[in-house]
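Engineer: Any chance you could fold what I've pasted below:
(3 chains)
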Amino acid sequence: MGAGAVAGFGLGLGGWHVGCSKRASAQGAATSAAEIAALLPECRPVQLVLPDIEAQQPLPNGYLKYPSPLVRAIADRPGRSGRTIKTMSPWWGPTPPGLGRNAFLDAVNTELGISVNPSVQDGNTFADKLSAMLGARDVPDVLAAPMWEIDKIPRFADAVKALFADLTEFLSGKAVRAFPMLATLPTVAWQYCVWGGRLAAVPFPRDNPFPWALFYRKDLTDRAGVGVPKTIDELYAFGKAMTDPARGVWAFGGIFDMIQMLFKCPGSKGGWRKRVGGGLEYKFETAEFRQALEFTSRLFKDGMVHPDLVASKGGDAMQLFHGGKIIAVQNGLGAWAGSQSEQSKVTAGYNIQPMPIFSALGGDPLAWGAQDPVFYTFIKKGLGKERTQEILRVLDWCAAPFGSTEYELNAYGVEGRHFTRAEDGSPVPTDLGRRELAGQYSFIGGRVPVIVATADVPHFVQDFFAYTTSTIRYLEQDLFEGIKIALPPNYSKTIIATEDKLNDVLRGRRPLSDLHQIVREWRNSGGDEGRAFLEKTLIRNGR
Amino acid sequence: MTTLTSPRLRASTPDRPAWEERPSLADRLVKTMVLGAVVLAVLFPMWSVLVTSLASRTTINAAGGMVVIPREIDLSAFATIFSGGQVTRALLVSAFVTVVGTAVSMVLTVLAAYGLSRPTSFGHRPILLYFLLTFLVYPGLVPSYLVVAGLGLKDSLWALIVPSAVSVFNLVVIRAFFMSIPADLIDAAYIDGAGEWRIMTRIVLPLSKAVLAVVALFYAVGYWNAYFNSVLYIDDNDKWPVQRLLQSYILAGQSPHVTGVPIALPGITAYPPTLAIKMAVVVVTVVPAVLVYPFVQRHFTKGVIVGAVKG
Amino acid sequence: MNRSLGARLNRDWPLLAMTAPAALLLLVFHYVPTLGNVIAFQDYNPFMGNSALDAFLHSDWIGLGNFETLFDDSAFWDAVRNTLSITLFQLVFFFPLPIILAILLSSVASAKLRSFVQSVSYLPHFFSWVLVITFFVQMLGGAGLLAQELRRHDLPMWDVMTNPSTFIILVTSEAVWKDVGWGTIIFLAALAGIDPSLYEAAAVDGAGRWRRLWHVTLPGIRSVAVLLLILRLGDGLSVGFEQYILQREAVGRQAAEVLDTYVYYQAIIPQQWGLGAAAGLFKAGIGLALILIANKIAHGLGEQGVYSSR
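Structural biologist: Numbering: from 1, shown residues only, chains lettered A, B, ... in the order given. Next comes the predicted model:
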């Protein structure tokens, strides 16, 4: 249509340059691994109950039964000043009643010896809330924010300097011994809590390093007599066999990330790896990515992806998966236990399992990994030393590990009110528990992650470790591990724009042969800038 | 005052006036078909929402999503929403904000619209321009936050009312209706010695009932649906309006998996949302709209000029 | 009006007093924070200096740099073009529908039927876009009712939900479904304001239904229609956000990127506030131009429009 004319108009306006004007210039920033290592708290693990499955970092320990008796981890009450602490943390679920109307808050506050007044924010609007608060410099005493929101904020090191307390003197090295539970948190998570040379947050560590798993409905594939794919061709055949539009069943939900992984596309910091002959290359530039793109576009073309998900972002993949309308879907391992527990009550024989990973190219598979924490907890700047220490003591209480009475109260509430016990002694939430608990204390303190058996999902712990221990062998080494990186905004922007174009290829709106041009545009509009920045970062870190 | 006494008493009964001919069969057929299609296009999805909100998980799973044919009446979705009193409380908050907000907005808007309805009045053009320009440029998130926080309105329900109390769109609409009132009516009142206040309350407002009802509806719906200001300005979970609270039921279990972050939330994880809960939320938010509309509608059907002014 | 300024002030002060509260409110909650849009000309760093205000005052001034970033990006112009096309398309195919429906409704003799249809047809306005699109997917998507029927009869598939070339029709249909009933409300109010004696007089003069429609009904609602049209044009670079975000992947950026989604991906997500503000000002400029043009045309047609220059 009028494309040419409008583009011409655009060029015309673009020509109105004012001589002195500059472009916005936020840059990437990186704190080197060595600088960070010097600031880290000493790690002093505490094991209150022996695990049944002792796993190597970064996998959590496993417990096949709920421990009894529990151990008291903290002797003194953390609160002394009597002044209310205002906190804010994200939550994905029904909003709980606030302080004064919530027995759970009362119970924990009594233990703490101080009144914590939480504001629970829904996860979806957290970004808006965060940018308004940061921009207006109006933050609560304690702020827990998701890592993925913090990562998006350019110049966050400046924000830390302007708004949040420098915790270095309280937590760095041996100082952390004053907060023994915070000292149990894994070092790898602390590495990401440094901005602009200061330790500024308490991490909430991940419970496993895998961003994605490909879940499938084992009950349905068994019934259909379809085996678990071990090669990429078998995966295609799996898709063909399980798709049955007449019955409203399609094999796949969104799975592009998993396919990339199966094709061994690199995954460090979104997809970087060292190039043979020096320098870095991004996944878009690799032959592996091209193959993954081609394969996935074939799945779309041959109608194996559920049309509801093709048609709208609002499509609910997990609902379709639960209903057996999708057979395989990618998700985080965190979705596993909840889905299995919930749906077993609805569908007899419901059984979901993560598909063991394989290499589409032959040889060993590759598993993407990530070690950055899920949430960061910040303390407001300028509260004074004593107050900051008091708040840290509260966070310390919240970080008490599994097996402690503190952990149980924090995670499940008061026995008899917020939970009852199953026969094996594990807590079962009551309605009141479901209503009143919303991570008010657990999200602000971090904790050493564990995997614990519950009566409603037998075998979960065994299945979890069977999958993770066999997958962890193939965990990709993160090139940038231990380096705190804020990517240049131009680079982040071009990733979004490029994914749009790749999406066109995926859905068959553009030919695969356009990939060359797409990559060229990506390089020119910020890709190369990102590469240069990351290469420099690696060199500075001697890697 | 001849124009005032002449308006015909239009019967308040809806029957066809004597002068109107009966429509032809074809006319009626087309009309019925169009309106029937409109009604069906809305009622069918509405039905599906209602049935899904009352369906069990088994039924929803079998349907693979929205349910059309009811198998049972399962009230657990509504029970979940209304248990514990948070939603009931939020309904009260929203009711307060809607009622008080609409009242405040109507007063401010009607006054300003009347003040701007006389093109020859002092400063008319620049003042009108001052209002209209708000259409074009919007303030950013942070500056608005600074103003509201600076006035001490954070965590106050007034923060949900005052910043959005004047909608210039509504103002301009009311003004247009005010200006369409025959000038000789107003001039006559002037000659009789009436002041602006008296003219507004005795002549202009009674003649504008329909548009006032509509704009009140616009405001009320705006306040009822408003969501974002509470994200910014209300930290206290007990002061959240109902739309915001209901969102949290819809969110349950969705994230953080959607962002690809593999965490199992410690301890009690929120029960994942069933589609039934999502649809129950829709029902809860739509019901007030169903209840309110007839009150507005009344003003469309009566002859509005009837008995407006006693000469 | 030859009276002196003082006399007019003396006469009109009650009008000014009536306008004052609303004007004051807008000053505080609209105009003051609108000053923050200066960041369009800055490399705004919200964390600069000792306070939030400091950050606004002391961020680097970069002149038109943010505008250049926008104007040099062909994707920006794609988005502008898409947005304007959708606006124009909807002006033709959506805007008249509420008027038609309102007239149709007001011609229904039975009050009960009328109020039933009215109150049903305005309900979709209260549905979220996610839900509206879910309905469309369930009807017209590849797994929807229509597709399953076609499949059953071995007919060729017809998937409008993922077809970029018909996307403009799809989004307009969705918008019509959601808001046509809502849109009739204001016209119903306008229709209620028409003096019934005009109809009677026309009928007595021998005017039939269509002539009465043409000579009484349409003139009666014309000024409101023109007003709404102008206001819609002023907002011509906004056509909605959520609706497009949700369907963007399905049909691709080429078809579904509108200005608001562009700003979301290029400025809001990467938190380039200056760029976002620049896009806002650009929008305002285009909106102003569109309003002025439309207003001129309205005056030419003998209508008040939204603002008269004399």
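Engineer: Tell me the residues of the stretch 101-250 of chain B that contact chain A?
Structural biologist: B:141-142, B:145-146, B:149, B:154, B:228, B:231-232, B:235-238, B:240, B:244-245, B:247-249 (Cβ under 8 Å from any Cβ of the partner chain). For every residue, glycine as well, the C-beta is placed using N, CA and C.
Engineer: neighbours of residue 39, just the number please.
Structural biologist: In the absence of a named chain, chain A is used. By other Cβ atoms under 10 Å in any protein chain shown, the residues close to A:L39 number 20.
Engineer: ah, I was thinking of chain C
Structural biologist: What C:I39 shows, counting by other Cβ under 10 Å, is a neighbour count of 25.
Engineer: likewise A:P45?
Structural biologist: 10.
Engineer: For B:L146, give me its contacts.
Structural biologist: Contacts for B:L146 (Cβ atoms under 8 Å, 6 or more residues apart in numbering or on different chains) come out as A:A136, C:P33, C:A52, C:L53.
Engineer: Against A:W195, how distant is the first one?
Structural biologist: Meaning A:A136. 20 Å (Cβ to Cβ, to the nearest Å).
Engineer: what's the answer for the last one, then?
Structural biologist: Between C:L53 and A:W195 the distance is 24 Å, computed by Cβ to Cβ.
Engineer: what about the two, which has more around it?
Structural biologist: Comparing C:L53 with A:W195 by other Cβ under 10 Å, the one with more neighbours is A:W195, at 25 against 14.
Engineer: In contact with B:V93, which residues?
Structural biologist: B:L157, B:K239, B:W240, B:P241, B:V242.
Engineer: redo that, cut-off 10 Å
Structural biologist: B:L157, B:L160, B:S230, B:I234, B:D238, B:K239, B:W240, B:P241, B:V242, B:R244, B:L245 (Cβ atoms under 10 Å, 6 or more residues apart in numbering or on different chains).
Engineer: In the stretch 101-250 of chain B, what residue lies closest to chain A?
Structural biologist: B:V142 (3.4 Å; Cβ to the nearest Cβ).
Engineer: Then chain C?
Structural biologist: For chain C, Cβ to the nearest Cβ, closest residue to chain A: C:G142, 2.6 Å.
Engineer: What about that residue, how many residues nearby?
Structural biologist: C:G142: 24 neighbours (other Cβ under 10 Å).
Engineer: what are the ranges of the helices in the stretch 201-350 of chain A?
Structural biologist: A:218-224, A:232-242, A:256-262, A:287-301, A:307-311, A:317-322, A:335-344 (DSSP state H, counting those that start in this stretch).
Engineer: Turn those helices into CSV, including mean neighbour count and distance to chain C.
Structural biologist: Formatted as CSV, the helices of the stretch 201-350 of chain A follow (neighbours: other Cβ atoms under 10 Å in any protein chain shown; distance: least, Cβ to the nearest Cβ, whole Å):
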stretch, mean neighbour count, distance to chain C
helix A:218-224, 16, 17
helix A:232-242, 18, 15
helix A:256-262, 24, 11
helix A:287-301, 19, 10
helix A:307-311, 25, 3
helix A:317-322, 23, 9
helix A:335-344, 20, 20
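Engineer: Out of these, which is closest to B:L128?
Structural biologist: helix A:307-311 (45.5 Å; Cβ to Cβ).
Engineer: where exactly do the strands run in chain C?
Structural biologist: C:42-43, C:60-61 (DSSP state E).
Engineer: Please name the nearest non-neighbouring residue to A:L366.
Structural biologist: The shortest distance from A:L366 to any residue other than its chain neighbours is 4.3 Å, reached at A:K264 (Cβ to Cβ, 6 or more residues apart in numbering or on different chains).
Engineer: Tell me the confidence at the one you found?
Structural biologist: Looking at A:K264, its pLDDT reads 97.
Engineer: ok, now C:L88?
Structural biologist: At C:L88, pLDDT is 94.
Engineer: now swap in B:L217 and tell me
Structural biologist: At B:L217, pLDDT is 93.
Engineer: What of the one 10 residues further on?
Structural biologist: Among the per-residue scores, B:Y227 holds a pLDDT of 86.
Engineer: quick one, what contacts it?
Structural biologist: Taking Cβ under 10 Å, 6+ apart as the test, what B:Y227 contacts is A:T125, B:L160, B:W240, B:P241, B:V242, B:Q243, B:R244, B:L246, B:Q247.
Engineer: center of the chain, which residue is that?
Structural biologist: Since no chain was named, I'll use chain A. Centroid-nearest residue in chain A: A:V374, 5.1 Å away (criterion: Cα atoms, centre = their mean).
Engineer: Oops, wrong one, chain B.
Structural biologist: Centre-most residue of chain B, counting by Cα atoms, centre = their mean: B:V221, 1.7 Å.
Engineer: residues in contact with the nearest residue to that one once chain neighbours are set aside?
Structural biologist: Distances taken as Cβ to Cβ, 6+ apart put B:A289 closest to B:V221, at 7.1 Å, once the chain neighbours are dropped. For B:A289, the contacting residues are B:L217, B:A220, B:V221, B:W224, B:N225, C:S119, C:Y122, C:L123, C:H125, C:F126, by Cβ under 10 Å, 6+ apart.
Engineer: The second one sits in which helix or strand?
Structural biologist: Assignment of secondary structure by DSSP states H and E places B:A220 within helix B:209-225.
Engineer: Quick check: what element follows that helix along the chain?
Structural biologist: Trace forward from helix B:209-225 with DSSP H and E and the next one is helix B:228-233.
Engineer: Can you give the contact residues for that next one?
Structural biologist: A:121-122, A:124-126, A:128-129, A:132-133, A:136, B:90, B:93-94, B:97, B:141-142, B:144-145, B:148-149, B:153-164, B:223, B:239-241, B:243-245, B:247.
Engineer: Neighbours of the nearest residue to C:I245 once chain neighbours are set aside, how many?
Structural biologist: The spatially closest residue to C:I245, leaving aside those adjacent along the chain, is C:T261, at 5.7 Å (Cβ to Cβ, 6+ apart). By the measure other Cβ under 10 Å, the count of residues near C:T261 is 23.
Engineer: If you tally nearby residues, what's the number for residue 63?
Structural biologist: Using chain A. With other Cβ under 10 Å as criterion, A:Y63 counts 20.
Engineer: Sorry, I should have been clearer: chain B.
Structural biologist: Neighbour tally, B:A63, other Cβ under 10 Å: 21.
Engineer: for it, what are its contacts?
Structural biologist: A:G248, A:G323, A:K325, B:S48, B:V51, B:T52, B:A55, B:I69, B:R71, B:L275, C:Q138.
Engineer: Most neighbours among these, please name it.
Structural biologist: Going by other Cβ under 10 Å, B:A55 tops these with 27 neighbours.
Engineer: Could you list which of the residues of the stretch 101-250 of chain B next to chain A belong to helices?
Structural biologist: B:141-142, B:145-146, B:149, B:228, B:231-232, B:244-245, B:247-249 (DSSP state H).
Engineer: now those residues: which count as buried?
Structural biologist: B:L141, B:V142, B:Y145, B:L146, B:A149, B:V231, B:L232, B:R244, B:L245, B:Q247, B:S248, B:Y249 (16 or more other Cβ atoms under 10 Å in any protein chain shown).
Engineer: Now the two most distant members of those residues.
Structural biologist: B:L146 and B:Y249 (31.8 Å).
Engineer: pLDDT below threshold where in the chain?
Structural biologist: If you meant another chain, say so; for now it's chain A. For chain A, the stretches with pLDDT under 70 are A:1-21, A:24-25.
Engineer: Oops, wrong one, chain C.
Structural biologist: Ranges of chain C meeting pLDDT under 70: C:1-3, C:309-310.
Engineer: B:V87 - nearest residue in space that isn't next to it in sequence?
Structural biologist: Nearest to B:V87 is B:I81, by Cβ to Cβ, 6+ apart, at 5.3 Å.
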